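Engineer: Sharing a model prediction with you, sequence too.
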Amino acid sequence: MPSDRRMFLGAGLGVTAALASHASALAASAQTVSADDPHLPANVRLEPEVRAAAAHDFGRLIHKQPRGVLRPAASADIAGLMRCAKGHGVKVAARGQGHSIFGRSLSEDGVVVDMSAMNAIREIQHDRVVVDAGATWKDLLDATLAQGLTPPVLTNYLGLSVGGTIAVGGIGATSSRHGVQTDNVIALDVVTGDGNELSCSADSNTDLFDSVRAGLGQCGIVTRATLLLARAPERIRRFQLFYRDLSSLTADQRRVLTEGRFDQLQGAILPDGSGGWQYQLDGAIPYSSGSAPDDKAVLSGLTDERGAAVIADLSYREDALAFGRFENLLRAKGQWSNPQPWLLTFLRGSNAERAAGDILAGLKGDAVGPFGRITLYPLLTRAFHTPLVRLPKEDMVFVFNLIRIPASSDAAVAERMVAENRTLYDRIREAGGVQYPVGAFAMSPGDWEVHFGSSWPQFREAKRRYDPQHLLAPGYNVF
């Protein structure tokens with residue numbers, strides 16, 4: 001098997017008191033304004049090259065030039081900006097690592113808050129960690145692994161910021177057991193849209209806590225998070241199994257999920273290089289040295305093409321960083337910076353095979369590009385508790401994502417894929433599915449109201465309370 005193809009197939013799939021800071025308020029109120037733009041604080045960067053760097057995101061589909069960029073050293077810097085912004089109607093968007101794919105971290109003629117310098121990992125205890133929102137999950141994992149600990153849920157790509165995934169949910173391979181990353185948040189420090197610095201948790205400022213977790217940045221900018229930790233396994237035994245068709249894949253996925261054979265379960269539909277598809281189940285079992293899984297028992301009764309199976313044994317860290325090797329491959333081929341018109345959704349478990357099969361039948365051979373994939377795998381929803389994380393109302397749902405990586409930067413191809421995303425989303429919604437809200441297509445406020453469903457009235461009220469001038473995260477077009 002060529003080394004590029006092997007890399008492609010092996011890539012990973014996927015505080016308390018309600019007090020405003022009086023000292024920070026005094027400092028911010030005395031903050032001077034910029035001589036070049038009296039509507040902005042003096043610490044907002046206005047240089048053309050700084051603004052240009054914040055005018056695009058990872059998706060490279062939307063470009064919006066900000067008026068300025070704030071690189072805060074502390075939450076007081078953000079609070080000062082928000083108090084200034086609300087006096088002049090300036091829109092503000094938080095940016096972690098810039099990995100949004102449809103302009104959601106951009107702000108046309110507004111201010112982008114670049115959180116990358118607020119990246120300290122402050123305190124690690126046996127069951128929790130306090131971390132600044134700009135830290136990446138990779139840096140956090142390295143710090144916690146030094147003490148034998150890990151966050152219960154890791155995204156497949158660890159180059160994302162903690163604050164960035166908290167804003168949308170943060171799904172990972174262990175989500176069937178532990179929910180999304182927002183289900184593992186103990187407490188948050190937040191700067192609201194009206195410039196207040198508040199702490200929130202399940203017991204304090206609960207409405208803010210529930211509107212910031214997976215709230216798309218609409219009610220506040222997360223500056224610090226207290227997260228759950230668990231004991232990290234030493235090693236991972238990973239099983240990649242291949243199937244002749246969609247129905248065989250999903251039947252085995254349902255079986256191993258129901259039986260709890262894997263701690264991590266994902267799957268993908270991959271271009272086979274000849275215009276067709278290859279179907280892959282990806283499962284993993286953590287273990288300690290000396291207690292390796294029994295491969296024969298793990299695979300008993302499954303209908304995969306056993307001769308093609310790939311079984312690998314890795315350290316926990318090596319396994320968690322697997323997607324990073326795929327990133328390096330794409331960078332080497334110049335494709336990491338191409339447009340990324342992805343579509344991420346959840347299908348109802350009761351009709352997932354039919355819905356996915358109908359969509360697959362209509363996709364052309366270049367639908368995801370030579371290194372793209374369609375991720376498809378089931379989740380049990382009982383571990384999901386974040387109010388604003390939307391899932392079909394069934395015990396089992398299927399992740400269904402088009403991870404499109406076009407072979408070139410052709411704008412017309414990307415535009416066609418974005419238009420197709422909207423069509424597919426409408427079909428999925430009609431079939432009872434929902435989106436994971438980071439996809440590359442436009443949403444109207446009415447679309448968002450439908451998306452959030454029964455949670456919409458509480459979300460709308462939180463927006464009115466914490467960002468009454470609708471200054472935050474304008475790229476989502478929620479309100």
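Structural biologist: Happy to help now that I have it.
Engineer: switch to C-alpha atoms for all contacts and neighbour counts from now on
Structural biologist: Noted.
Engineer: From Gly276, how far off is the nearest residue to Asp467 once chain neighbours are set aside?
Structural biologist: Excluding its sequence neighbours, the residue lying closest to Asp467 (C-alpha to C-alpha, 6 or more residues apart in numbering) is Gly193, at 4.1 Å. Remark: distance between Gly193 and Gly276 (C-alpha to C-alpha, to the nearest Å) = 49 Å.
Engineer: These two - which one has more neighbours?
Structural biologist: Set Gly193 next to Gly276 and count neighbours by other C-alpha atoms under 10 Å: Gly193 wins out with 32 against 11.
Engineer: Which helix or which strand is home to Arg429?
Structural biologist: Per DSSP states H and E: Arg429 is located in helix 411-430.
Engineer: Just the buried positions in that helix, please.
Structural biologist: Val413, Ala414, Glu415, Met417, Val418, Glu420, Asn421, Arg422, Tyr425, Ile428, Arg429 (16 or more other C-alpha atoms under 10 Å).
Engineer: And stretch 114-126, by the same measure?
Structural biologist: Asp114, Met115, Ser116, Met118, Asn119, Ala120, Ile121, Ile124.
Engineer: where along the stretch 351-479 of the chain do the strands fall?
Structural biologist: In the stretch 351-479 of the chain, the strands defined using DSSP state E, counting those that start in this stretch lie at 373-380, 396-403, 434-435.
Engineer: Relative to Lys86, tell me which of the ones you listed wins on proximity.
Structural biologist: Within those, the stretch nearest Lys86 is strand 434-435; the backing value is 31.3 Å (C-alpha to C-alpha).
Engineer: what's the closest one packed up against?
Structural biologist: For strand 434-435, the packing partners by 3 or more C-alpha pairs under 8 Å, 6 or more residues apart in numbering; DSSP states H and E come out as strand 343-348, helix 411-430.
Engineer: rewinding a little: Serialize the strands of the stretch 351-479 of the chain to CSV and add fields for mean neighbour count and mean pLDDT.
Structural biologist: Converted to CSV, the strands of the stretch 351-479 of the chain look like this (neighbours: other C-alpha atoms under 10 Å; pLDDT from 0 to 100):
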stretch, mean neighbour count, mean pLDDT
strand 373-380, 25, 97
strand 396-403, 23, 98
strand 434-435, 23, 98
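Engineer: just to revisit the earlier point, I'd like the helices and strands packed on strand 434-435 laid out as JSON lines, including mean pLDDT and distance to Gly110.
Structural biologist: Below are the helices and strands packed on strand 434-435 laid out as JSON lines (pLDDT from 0 to 100; distance: least, C-alpha to C-alpha, whole Å):
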{"stretch": "strand 343-348", "mean pLDDT": "98", "distance to Gly110": "27"}
{"stretch": "helix 411-430", "mean pLDDT": "97", "distance to Gly110": "25"}
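Engineer: where does this structure dip in pLDDT?
Structural biologist: Residue ranges of the chain with pLDDT under 70: 1-31, 33, 35.
Engineer: Which residues does the helix holding Arg429 contact?
Structural biologist: With contact meaning C-alpha atoms under 8 Å, 6 or more residues apart in numbering, helix 411-430 is reached by 61, 339-343, 345, 347, 355, 359, 367, 406, 434-435, 440-442.
Engineer: Show me just the buried residues among those.
Structural biologist: If we count by 16+ other C-alpha under 10 Å, the contacts of helix 411-430 have these buried: 61, 339-343, 345, 347, 355, 367, 406, 434-435, 440-441.
Engineer: out of those, who's nearest Leu188?
Structural biologist: Taking C-alpha to C-alpha as the measure, Leu188 lies nearest Gln435 of the buried ones among the contacts of helix 411-430, at 25.2 Å.
Engineer: name the element the residue nearest to Val310 when sequence neighbours are not counted belongs to?
Structural biologist: Nearest residue to Val310, sequence neighbours excluded (C-alpha to C-alpha, 6+ apart): Gln240, at 5.1 Å. Following DSSP H and E, one finds Gln240 within strand 235-243.
Engineer: What is the next helix or strand after that strand packed up against?
Structural biologist: Per DSSP H and E, the first helix or strand lying C-terminal to strand 235-243 is helix 246-259. With contacts taken as 3+ C-alpha pairs under 8 Å, 6+ apart, helix 246-259 sits against strand 277-287, helix 352-362, strand 373-380.
Engineer: For the helices and strands packed on strand 434-435, give me CSV that also has distance to Ala297.
Structural biologist: Shown next, in CSV, are those (distance: least, C-alpha to C-alpha, whole Å):
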stretch, distance to Ala297
strand 343-348, 30
helix 411-430, 36
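Engineer: Quick one: closest of these to Ser100.
Structural biologist: Among the helices and strands packed on strand 434-435, strand 343-348 sits nearest to Ser100 (C-alpha to C-alpha), with 12.2 Å.
Engineer: And the contacts of the closest one?
Structural biologist: 355, 391-394, 396-404, 421, 425, 428, 431-440.
Engineer: What are the phi and psi values at Phe102?
Structural biologist: phi -140, psi 40 (degrees, to the nearest 10).
Engineer: Now do the residue nearest to it when sequence neighbours are not counted against Ala76, distance only.
Structural biologist: For Phe102, ignoring the flanking residues on the chain, the nearest one in space by C-alpha to C-alpha, 6+ apart is Ala440 at 5.1 Å. Counting by C-alpha to C-alpha, the gap from Ala440 to Ala76 is 33 Å.
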